[in-house]
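Peer 1: attaching a predicted model along with its sequence, questions to come.
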Amino acid sequence: MSTAFSLEANVIDLFNNTITPATVHVTNGRIRQIEPLGATAPNPALPYALPGFVDAHVHVESSLLVPSEFARLAVVHGTVATVSDPHEIGNVLGVAGVKYMLANAAQVPFKFCFGAPSCVPATPFETAGAEITAADIELLFRDHPEIGYLAEMMNWPGVLNRDEVVMEKIRLAQRYDRPVDGHAPGLTGADALRYAEAGISTDHECFMAGEALDKLAAGMKILIREGSAARNFEALIDLLPEHYEHLMFCSDDKHPDTLVLGHVNQLVQRAVARGQNVLQVLRVACRNPVEHYRLPVGLLREGDPADFIVVDDLVNFRVRQTYLDGKLVAENGETLIPAVPVEVVNNFTAHEVQAGDFQVPIPAADSASANNQQPTIRLIECFDGQLITARHDEPALVENGLVVPDLSRDILKLTVVNRYHAAPPAVAFIRGFGLQGGALASSVGHDSHNITAVGTDDASLARAVQLVMEARGGLAVVTPAGEELVLPLPVAGLMSDQPGPAVAAAYTALDAAAKALGSPLQAPFMTLSFMALLVIPSLKLSDKGLFDGEAFRFVEAVAVN
Ligand SMILES: Nc1ncnc2[nH]cnc12
Ligand SMILES: [Mn+2]
């Protein structure tokens, strides 16, 4: 059945950089004609029609929603496509996990572009649930033309050293004419150039303008990231007026509570509010990702797929309608994409944990000297809005031969518990979560997704981990008063099988409970999920122990010197 309609609007042309009153004629899902209404200046009585927004790098799993539910929320804010690295589920279920995302996403009209994960497992220093080899990547490229790129090459030391396995994956992408995404936090100067010269074309990990400028000079494109944990917009947005042709917007990881409130449209609104040129901002938000990744997404030109949005004005970017292939998929804050059934898949070996499993004795080798030496904690410090951590050597609080948390110095216990095999938990100490009691636990622990937990005492820590084990994946809060909240994530221990708004509401309750325990972080569960991400310096915890992300080696959590 042919579907044809027309609408009048101030049409934004991101190629001629014009905003002109016109009638947009849509037939059979494509822009048949854009017919000028005669005036050259925008008509204030008309809304604005523009290409849809693209999130140029987002791990859909981090929303705790499956792709179909992510899409149902995102279209409300004018997002029509994402460039998505499924390495989260790839670390849990391998190629089968990637195919799960493709299959679920194909059931909704939203334009997902998934990549082939390049780093599964992220490092050899952790236990993942699966591996994705170069041979797997080749099959994904060969058999799935919809897989549009090689996803973030996080092994930046391997790139700088031209490691053969790394270079084989990059060559594969080049052979199949796919762009290669980067991940190079803090790389500058000659290292940034050497990283780019390996064939890597983007980075989304910049947290300082200087490193972004070095990567732009090396020919890379920079993704300005504003997510639930990493918020780099303020640090990078002033690069836009000069570098808008080489920038994109992304969220990387965005929890459902923030996705309900907005998406790329919020970044566009913030950039325009700073006085930046709206056509340059929209070039970043809409056109650049479509061209860089060669997405099958229309850019409001005659003949293009009818993927576009209608907004009230170019100040607030409140989205009236979102169209995908000419179908109305969201209107006035409501999604019109029907929910689809969610299949549950997982890889989770639940096992019992006890409070005693989390004890940290003074290193035995030095127990003789320990009597008169002051043990030192290698303390991780986390920061709100950042994925990087700092390291401090601080005197340990010792009770009965055990190193214990010290709430007066915001020194809490952090643990990573293997979810694939029964194994002793890794335990270290962390500052920044600010809990005054209880514990938080999560089976979303980038990127291997073992169980990560932070707590003020061993009993709370063990209980929070146990709740996640019993749910075979999820988020949990345990309070000193014995209250327990759990958000089950049955799909790979990463995603809910429930509708987006319900997951957002449940997540909001856990987030509030974590803050009621004293956490000053804007997104405690998102920050917790990054404390195991070894490829981002400087001190993180693997299920195999405390890891120095600069030296790329394990270190002791407690030392006696
Ligand atoms: N989910 C993720 N995995 C790896 N690196 C990241 N940087 C930010 N988010 C990330
Ligand atoms: Mn990422």
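Peer 2: Received it, and whenever you're ready, just let me know what you need. Ligands and ions are numbered 1, 2, ... in the order given.

Peer 1: quick check: residues of this structure near ligand 1?
Peer 2: Proximity of the chain to ligand 1 (CB under 6 Å from any ligand atom) is limited to residues 59, 62, 154, 183, 230, 252-253, 387, 446-447, 533. From N, CA and C alone the C-beta is placed, and that goes for glycine too.

Peer 1: for ChimeraX, what selects the buried ones among those residues?
Peer 2: To isolate in ChimeraX the members of these that are buried, counting by 16 or more other CB atoms under 10 Å, one can use:
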select :59,62,154,183,230,252,253,387,446,447,533
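
Peer 1: nearest to residue 486, out of the residues of the chain next to ligand 1: which one, please.
Peer 2: Of all these, residue 486 sits closest to residue 62, with 18.7 Å by CB to CB.

Peer 1: distance of the closest one relative to residue 243?
Peer 2: Relative to residue 243, residue 62 is positioned 27 Å away (criterion: CB to CB, to the nearest Å).

Peer 1: just the pLDDT for residue 539.
Peer 2: Listed pLDDT for residue 539 reads 98.

Peer 1: so what's the closest residue to it other than its chain neighbours up against?
Peer 2: Excluding the flanking residues, the one nearest residue 539 by CB to CB, 6 or more residues apart in numbering is residue 391, at 4.1 Å. Counting by CB atoms under 8 Å, 6 or more residues apart in numbering, residue 391 makes contact with 378-381, 538-539, 548.

Peer 1: mind picking the two most distant members of those residues?
Peer 2: The span of the contacts of residue 391, defined through CB to CB, is set by 381 and 548 at 14.0 Å.

Peer 1: dump the residue contacts of the residue most central in space within the chain.
Peer 2: Nearest to the geometric centre of the chain sits residue 253, at 2.1 Å (CA atoms, centre = their mean). The contact partners of residue 253, by CB under 8 Å, 6+ apart, come to 58-59, 62, 227-230, 446, 526, 529.

Peer 1: what kind of secondary structure is the residue nearest to residue 539 in?
Peer 2: Of the three states, residue 391 takes strand according to DSSP: H, G, I helix; E, B strand; the rest coil.

Peer 1: show me where pLDDT drops low in this protein?
Peer 2: For the chain, the stretches flagged by pLDDT under 70 are 1-2, 364-372, 561.

Peer 1: quick one, domains of it?
Peer 2: Split into domains by the TED database, the chain comes to 53-296, 355-559.

Peer 1: these into TSV, with extra columns for distance to residue 312?
Peer 2: Formatted as TSV, these follow (distance: least, CB to CB, whole Å):
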stretch	distance to residue 312
domain 53-296	11
domain 355-559	23
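
Peer 1: can you say which of these is nearest to residue 338?
Peer 2: Residue 338 sits nearest to domain 53-296 of all the domains of the chain, at 8.3 Å, using CB to CB.

Peer 1: tell me the gap between the closest one and the middle of its chain.
Peer 2: Centroid separation for domain 53-296 versus its chain: 9 Å, with CA atoms, centre = their mean, to the nearest Å.

Peer 1: could you tell me the end-to-end distance of it?
Peer 2: 13 Å (CA to CA, to the nearest Å).

Peer 1: show me what counts as buried in stretch 290-308.
Peer 2: For stretch 290-308, a neighbour-count test (16+ other CB under 10 Å) marks 290, 292-293, 295, 297-300, 304-308 as buried.

Peer 1: not counting it itself, show me its contacts.
Peer 2: Stretch 290-308 has contacts (CB under 8 Å, 6+ apart) with 11-15, 24, 26, 29-34, 49-52, 54, 56, 80-81, 83, 111, 113, 148-149, 179, 201-202, 221, 248, 286-287, 289, 323-326.

Peer 1: which positions in stretch 242-260 come out as buried?
Peer 2: Of the residues in stretch 242-260, 243-244, 246-260 count as buried by neighbour count, 16+ other CB under 10 Å.

Peer 1: how about stretch 479-499?
Peer 2: Buried residues in stretch 479-499 (16+ other CB under 10 Å): 479, 485-499.

Peer 1: just curious, which of the residues you listed is nearest to ligand 1?
Peer 2: The closest of the buried residues of stretch 479-499 to ligand 1 turns out to be residue 494 (CB to the nearest ligand atom; 10.6 Å).
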